[in-house]
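Visitor: fold the stuff below for me.
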Amino acid sequence: MYFLKYWISKSMEDPEAREAKTKAHLEKMKANSEKVKADWEIPLLPKGYWNSRGATYVTKERLAEAEGDILSPYQRALADMDASAKRSASETK
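Guide: Predicted coordinates:
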């Protein structure tokens with residue numbers, strides 16, 4: 001029995017070294033998390049930017065350019081019908 005206990009204790013890691021390694025890891029993770037939280041606090045754009053006239057105008061322009069992504073299939077079909085009706089009306093003149 002003594003041999004088995006000795007063999008198991010020999011193969012196990014030193015508890016103090018394991019605690020030190022765990023503590024170092026936790027301190028490193030805490031420092032990294034504080035750094036990330038500090039980065040989150042920095043505003044990406046100035047306050048009120050999204051309410052400014054320029055931002056809303058640019059956003060609307062980009063949405064108008066991305067028409068295919070925004071329209072549903074039904075809206076796309078209606079737009080195609082309107083376009084073809086306008087074409088046929090201009091060809092008959």
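
Visitor: so Ser9 is in which element?
Guide: Taking DSSP states H and E as the definition, one finds Ser9 inside helix 2-11.

Visitor: same question, Glu91
Guide: Using DSSP H and E, Glu91 falls within helix 73-92.

Visitor: what does Lys21 give?
Guide: Lys21 belongs to helix 15-41 when elements are defined using DSSP H and E.

Visitor: and that helix, how far out from the chain middle?
Guide: 24 Å (Cα atoms, centre = their mean, to the nearest Å).

Visitor: now stretch 78-93
Guide: Averaging C-alpha positions (Cα atoms, centre = their mean) puts stretch 78-93 42 Å from its chain's average.

Visitor: which parts of that stretch are buried?
Guide: Residues of stretch 78-93 include none that count as buried (16 or more other Cβ atoms under 10 Å). Yep, even glycine has a C-beta here, placed from its N, CA and C like the rest.

Visitor: send the alpha carbons of that stretch over as CSV?
Guide: Extracted as CSV, the C-alpha positions of stretch 78-93 are listed here (Å, rounded to 0.1, in the frame of the first residue of the first chain):
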residue,chain,number,x,y,z
LEU,A,78,-43.7,45.3,-58.3
ALA,A,79,-40.6,47.4,-59.1
ASP,A,80,-39.9,45.3,-62.2
MET,A,81,-43.5,45.7,-63.3
ASP,A,82,-43.3,49.5,-62.9
ALA,A,83,-40.1,49.7,-64.7
SER,A,84,-41.4,47.6,-67.6
ALA,A,85,-44.6,49.7,-67.8
LYS,A,86,-42.5,52.9,-67.9
ARG,A,87,-40.4,51.4,-70.7
SER,A,88,-43.3,50.4,-72.8
ALA,A,89,-45.0,53.8,-72.3
SER,A,90,-41.8,55.6,-73.5
GLU,A,91,-41.5,53.2,-76.5
THR,A,92,-45.0,53.9,-77.7
LYS,A,93,-44.5,57.7,-77.7
